[in-house]
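Engineer: model the following, please.
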Amino acid sequence: MADAHAHGGGNLVPVLLSFSVFSRPSAVPAGSGYEVLIQKFLSIYGAQIDVHRKFLMQLFSEEWGQYIDLPKGFTISEKCRLRLVPLQTDITALGNLSPATTVFFCCDMQERFRPAIKYFGDIISVGQRLLQGARILGIPVIVSEQYPKGLGSTVQEMDLTGAKMVFPKTKFSMVLPDVEAALAEIPGARSIVLFGVETHVCIQQTALDLIGRGFEVHIVADATSSRSMMDRMFALERLARIGIIVTTSESVLLQLVADKEHPKFKEIQNIIKASAPESGLLSKV
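Structural biologist: Next up is the predicted model:
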């Protein structure tokens, strides 16, 4: 959309301002920057935005086919599409999970990674438990495949029956416009349970993008790995420090049922009867 150049400082530049699932056309003087655009956003969406939050400004890039972050020093000189992303400022998360507000993200559990990823067999086994639990509890599952043409499809052991979305990607993060649109269709989605490979690349970048958009993120340590245990462990440590919850598959599944009297408790209990494999997480203990 960045094609119609404005000339002269007084000219108005057409902009499309997006917030959540809403978009409104507007115009700002050529040369406007971050502060002017924030004020314009607040004048349009003020009632829906918590003004005490910090914001990230993003521009839609035709070249990349997705929104990209803008530095504070930019100015608007041509027709464009902008959106405001509220940043989570309080990183203290309690980590409560309920099926009604939870979505599972399964990241790049593909065939070509099998020989390279440490403890991949264990990761697949735990991933299967999580997918089974999601089906029992009616939790939406979003599945990504990194460059499937070269890296193959999701491994056959992982049953993707009922997944809300299985999509190919080249970007490391799973947070793409189609995924954001799918999340917007899930009323009350607040907590993302994230697992797959590689911990220090696609998992880490997905987690950072999600927490930046105000979601609470739970990374399942025993269903997440890398080619290198050093990369895996330092990524988990870094993510835990910024308020992302590093947890285990059994903890997630039992938190979601919450009560022995839950109608699905017995089915979940059957999944976790045998303890999940440790997948190298206790090698230092």
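
Engineer: not counting sequence-adjacent ones, nearest residue to Val220?
Structural biologist: In space, Val220 comes closest to Phe195 once its chain neighbours are excluded; the distance is 4.1 Å by C-beta to C-beta, 6 or more residues apart in numbering. C-beta: built from backbone N, CA, C; applies to glycine.

Engineer: mind listing the strands the one helix or strand that neighbour maps to pairs with, and their directions?
Structural biologist: Using DSSP states H and E, the secondary-structure element containing Phe195 is strand 191-197. On the basis of DSSP bridges, the sheet neighbours of strand 191-197 come out as strand 102-107 (parallel), strand 216-225 (parallel).

Engineer: would you mind listing the buried residues in stretch 149-167?
Structural biologist: Neighbour-count burial for stretch 149-167 flags 154-155, 158, 163-164 (criterion: 16 or more other C-beta atoms under 10 Å).

Engineer: scratch that, stretch 267-285
Structural biologist: For stretch 267-285, the buried set under the neighbour-count rule, 16+ other C-beta under 10 Å, comprises 268, 271, 276-277, 279-281.

Engineer: all helices of the stretch 51-200 of the chain, in order?
Structural biologist: Using DSSP state H, counting those that start in this stretch, the helices of the stretch 51-200 of the chain run over residues 120-137, 148-151, 177-184.

Engineer: let me see the domain layout of the chain.
Structural biologist: With domains defined by automatic domain parsing, the chain comprises 12-87, 99-272.

Engineer: return the most buried member of the ones you listed.
Structural biologist: Mean neighbour counts were compared across the domains of the chain using mean count of other C-beta atoms under 10 Å; the top stretch is domain 99-272, at a mean of 19.

Engineer: gap between the two ends of that one?
Structural biologist: According to C-alpha to C-alpha, to the nearest Å, domain 99-272 extends 18 Å from its N-terminal end residue to its C-terminal end residue.

Engineer: centre of the chain to it, how far?
Structural biologist: A distance of 10 Å separates the centroid of the chain from that of domain 99-272, by C-alpha atoms, centre = their mean, to the nearest Å.

Engineer: low-confidence stretches in the protein?
Structural biologist: Regions of the chain meeting the criterion pLDDT under 70 cover residues 1-10, 47-53, 88-93, 283-285.

Engineer: and the residue nearest the centre of it?
Structural biologist: With the centre of the chain defined as its mean C-alpha position, the nearest residue by C-alpha atoms, centre = their mean is Leu210, 4.0 Å away.

Engineer: check for me that it belongs to a strand.
Structural biologist: No - with DSSP: H, G, I helix; E, B strand; the rest coil as the criterion, Leu210 is helix rather than part of a strand.

Engineer: can you tell me which residues contact it?
Structural biologist: The contact partners of Leu210, by C-beta atoms under 8 Å, 6 or more residues apart in numbering, come to 175, 192, 194, 217.
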